[in-house]
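K.L.:
what follows is a protein structure lacking sequence information:
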């Protein structure tokens, strides 16, 4: 019996800002069936208010507080550790989600890495490396390799995290997907236990692997960044593979039988 | 009995372009003792003619052809594979060592990664990533994390190689140190077998680990990028640790007794 649904955004509900066919209807059907729906995204370029606004603009019924992003997970992590000053390697817009944390490139307690789009420079990586040598903690909002936009696969923050891990000889703490903590944070607002929750997304490792690591079921959709060769990897086995999120109501009714 | 010496350059013979005290005399003593001396460097910013010129300017007696660099090893590797077009992610000056290989960002057979100093951009990494997705081979001239210059630890090419490995999901072919092939290439010009050769350098993994991987002895010097905590790593055990290369004659006379 599934009572909670954590739904990835980019490539699962939206592609290039527009709803995938049947996606709004599929989520509406889930809500009407009494399933609690939350939105889980590793997007680190836009604050969650903007993600919620985009979802509403595309026909989804989403209050801001139902969006759980890697940015928000990063903010929660820093707060728990009492970190008030961090080198925030995220876009200007994304800094809005880090209320209570001052951006500091000279003496930060943490270096926080997100997707900087085209703004990455060698000087920025060098500075982050020096702060890590001085003892700052390396926090990866995401480790995803790339995402699909406008028909291109664009580098995400993962490769830059890998660069800083290699340079500093230390492993980053991951706060976004596929961190189990991230999924638990989103699920905690529904009151549903992991065994009755499902995550649906287009990223085999971040969505499906992450869900299963947190004790939830993980469904893969063949949209967004999905590539057929993903299924050839033996590391993660999805609980189901759907053509798109539009097929979700069918799977849910089958799974709750 | 040691009959060949492969000597690292940056941090071992030179620091910020000047000879370390006693270094020219130490190499002269080795040559007078009948030991064949070659120079092995992972510097990828300057062609070998320039490295040889710098060494001569600092008081070392070095013909160009005794300098073996990661650039030259990259050139040899591409030639063996019949690669005539490569995306050469190296400085303008360094491209001089890639005679016979055209720089091509659109349809290269290989993406070759060296140290680009401050010239790295996000757009460059994105383009390299796309070429790798299309099937180009990833060739790392070096994987070193950093080097010391002017009192600072500067990022080397390694972190950028790690970024492209993570993005593409593939491992780079390493042609510079610590690749055993690199040391064998340099040693092959002396006619001395590996068991009678020693490598001296300031990088535990690249110099000492690489030497031992090629069946040679590896000496670590406490100059250049050396940091005391290097010795705490259990992975590589130097055959000896010297205060500096100036102590080499003493070690050589001891080892040949």
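P.N.:
Received it, and whenever you're ready, just let me know what you need. Note that the structure is a prediction, hence the values are computed from the model and not measured. Residues are numbered from 1 along each chain as shown, chains lettered A, B, ... in the order given.
K.L.:
test my guess that residue A:111 contacts residue A:130.
P.N.:
No: contact criterion CB atoms under 8 Å: residue A:111 and residue A:130 do not qualify, at 9.9 Å. The way it works is simple: take the backbone N, C-alpha and C, and place the C-beta from them, glycine included.
K.L.:
those two: which is more packed in?
P.N.:
residue A:111 (25 against 20; other CB atoms under 10 Å in any protein chain shown).
K.L.:
ok, the helix or strand hosting the more buried one near chain B or not?
P.N.:
According to DSSP states H and E, residue A:111 maps onto strand A:110-113. No: figure legend: strand A:110-113 not in contact with chain B (CB under 8 Å from any CB of the partner chain); closest approach 11.5 Å.
K.L.:
neighbouring strands for that strand, and are they parallel or not?
P.N.:
Counting by DSSP bridges, the strands paired with strand A:110-113 are strand A:85-89 (parallel), strand A:137-140 (parallel).
K.L.:
pLDDT wise, what is residue A:255 at?
P.N.:
At residue A:255, the pLDDT value in this model is 65.
K.L.:
before we move on, what about residue A:150?
P.N.:
79.
K.L.:
what is the end-to-end distance of stretch A:236-247?
P.N.:
21 Å (CA to CA, to the nearest Å).
K.L.:
buried sites along stretch A:19-30?
P.N.:
A:19, A:20, A:22, A:23, A:24, A:26, A:27, A:29, A:30 (16 or more other CB atoms under 10 Å in any protein chain shown).
K.L.:
equivalent analysis for stretch A:184-198, please.
P.N.:
Residues of stretch A:184-198 classed as buried: A:185, A:186, A:187, A:190, A:192, A:194, A:196, A:197, A:198 (neighbour count, 16+ other CB under 10 Å).
K.L.:
just the element for the first one, please.
P.N.:
Meaning residue A:185. helix A:180-187.
K.L.:
can you tell me what sits against that helix?
P.N.:
A:4, A:6, A:38, A:40, A:68, A:70, A:73, A:76, A:175-177, A:194, A:197, A:199, A:210-211, A:213-216 (CB atoms under 8 Å, 6 or more residues apart in numbering or on different chains).
K.L.:
restricted to buried residues, select these in ChimeraX.
P.N.:
Listed next is the ChimeraX selection for buried residues among the contacts of helix A:180-187, using 16+ other CB under 10 Å:
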select /A:4,6,38,40,68,70,73,175,176,177,194,197,199,210,211,213,214,216
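K.L.:
from the contacts of helix A:180-187, which land in strands?
P.N.:
Within the contacts of helix A:180-187, residues falling in strands by DSSP state E are A:4, A:6, A:38, A:40, A:68, A:197, A:199.
K.L.:
ok, now how distant is the fourth one from residue A:185?
P.N.:
When CB to CB, to the nearest Å is applied, the distance between residue A:40 and residue A:185 equals 9 Å.
K.L.:
intersection of neighbour lists for these two?
P.N.:
residue A:68.
K.L.:
run a quick neighbour tally on residue A:59.
P.N.:
Considering only other CB under 10 Å, residue A:59 is surrounded by 14 other residues.
K.L.:
related to what we said a few turns ago, nearest to residue B:143, of the strands paired with strand A:110-113?
P.N.:
Residue B:143 sits nearest to strand A:137-140 of all the strands paired with strand A:110-113, at 19.0 Å, using CB to CB.
K.L.:
picking that back up, can I get the strands paired with strand A:110-113 in TSV with distance to residue A:243 and mean neighbour count?
P.N.:
Output for the strands paired with strand A:110-113, formatted as TSV (distance: least, CB to CB, whole Å; neighbours: other CB atoms under 10 Å in any protein chain shown):
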stretch	distance to residue A:243	mean neighbour count
strand A:85-89	37	24
strand A:137-140	32	24
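K.L.:
now render those strands as CSV, adding mean pLDDT.
P.N.:
Output for the strands paired with strand A:110-113, formatted as CSV (pLDDT from 0 to 100):
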stretch, mean pLDDT
strand A:85-89, 98
strand A:137-140, 98
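K.L.:
can I get those strands in JSON lines with distance to residue B:119?
P.N.:
Formatted as JSON lines, the strands paired with strand A:110-113 follow (distance: least, CB to CB, whole Å):
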{"stretch": "strand A:85-89", "distance to residue B:119": "20"}
{"stretch": "strand A:137-140", "distance to residue B:119": "24"}
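K.L.:
ok, which of the ones you listed comes nearest residue B:150?
P.N.:
That would be strand A:85-89 among the strands paired with strand A:110-113, by CB to CB, at 22.7 Å.
K.L.:
sheet partners, orientation included, of the helix or strand following that closest one?
P.N.:
Following strand A:85-89 in sequence order, the next helix or strand is strand A:102-103 (DSSP H and E). Paired strands of strand A:102-103, with direction, are strand A:85-89 (parallel) (DSSP bridges).
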